[in-house]
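Please find the sequence and the predicted model below.
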Amino acid sequence: MKFRSASVSVTSSPAATIPPKRFSMRVAEWLLDSPRLGENPNVKHFAGHLLKQPAREGVVAAQARLGQLMCRECGNARDRRIGQDLLRQAARAGDRRAQRELGLVED
């Protein structure tokens, strides 16, 4: 029995859906802002993973949040340095949270 492949119109996603980077940003922010979930190290790790791609693509809020997470939660110098770089990029783009955090980090 032969199966036909689905047509393009059936397999294409609808135009009204939220782009993946915005969805992952919202989920990560919800996880980190949740009082109970935000304290769990595994949740922080997962949220950092969700923020990584949008931060690479230049989303300023993702850069600020991931930089803040890396500076506060990572134990090694390499990750803290990467976090400071992300905070600097977000601060140059005008993110107030990143500017405040960078002032705390570099004092």
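Looks like it arrived, so ask away. Here the structure is a predicted model, which means the values were calculated and not measured. Numbering: from 1, shown residues only.

Give me the contacts around the helix or strand hosting Arg80.
Assigned by DSSP states H and E, Arg80 belongs to helix 77-92. Contacting residues not belonging to helix 77-92 are listed as 55, 60-61, 63-64, 66-71, 74, 97-99, 101-102, 105-106 [CB atoms under 8 Å, 6 or more residues apart in numbering]. Just so you know, the C-beta spots here come from the backbone N, C-alpha and C atoms, and that holds for glycine as well.

Low-confidence stretches in this protein?
1-21, 104-107 (pLDDT under 70).

what about the helices in it?
8-11, 20-33, 41-56, 60-73, 77-92, 96-105 (DSSP state H).

Let me have those in a markdown table, extended by mean neighbour count.
Formatted as a markdown table, these follow (neighbours: other CB atoms under 10 Å):
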| stretch | mean neighbour count |
| --- | --- |
| helix 8-11 | 7 |
| helix 20-33 | 16 |
| helix 41-56 | 18 |
| helix 60-73 | 22 |
| helix 77-92 | 18 |
| helix 96-105 | 16 |
